[in-house]
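In: Could you work out the structure for the sequence below:
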Amino acid sequence: MKWLLVLATGLAVALGGVGCEDESDDTLVGTWMATAANGQPIEAGNSFQFIFRSDGTVQQTDVFAGVTTVMSGTWSTTENIVTLVEDGTGDVVAVPYVVSGDTLTIGPPGEVFTMTRQ
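Out: Presented below is the predicted three-dimensional model:
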């Protein structure tokens with residue numbers, strides 16, 4: 001549940017947060033930096049980043065008030081759902097996503113991040 005907690009925490013921060021056998025979506029591969037959370041710009045000094053690697057690993061980095069939180073794990077996709085599995089704990093979160101060009105929209109309703117490919 002840490003992925004979900006960090007995703008939700010990343011949303012709060014921005015406003016003031018067993019790999020699967022499925023074939024992964026290559027359009028997610030790359031580094032993504034959040035530009036907005038629920039349509040509101042990310043505040044200066046805060047950041048939320050995903051690095052999706054082609055080998056199925058992922059790193060999430062969240063910076064708030066000078067404190068950096070880094071999580072790593074694996075990722076896979078099924079249709080428009082990305083599943084993240086945290087290293088060490090095995091905690092799993094599955095969230096909807098859409099890639100359009102260099103823009104990634106990720107998260108459940110009410111916790112949606114807009115991210116730009118770096």
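In: Can you name the residues that contact the most centrally placed residue in the chain?
Out: With the centre of the chain defined as its mean C-alpha position, the nearest residue by CA atoms, centre = their mean is Phe50, 5.0 Å away. When contacts are counted by CB atoms under 8 Å, 6 or more residues apart in numbering, Phe50 is found next to Thr31, Trp32, Val58, Gln59, Gln60, Leu104, Ile106, Met115. C-betas here are computed from N, CA, C, even on glycine.
In: again, only using 7 Å
Out: Trp32, Val58, Gln60, Met115 (CB atoms under 7 Å, 6 or more residues apart in numbering).
In: What's opposite Thr78 in the beta bridge?
Out: For Thr78, the beta-bridge partners are Ile81 (DSSP bridges).
In: Asp25 versus that one, what's the distance?
Out: Distance, Thr78 to Asp25, using CB to CB, to the nearest Å: 9 Å.
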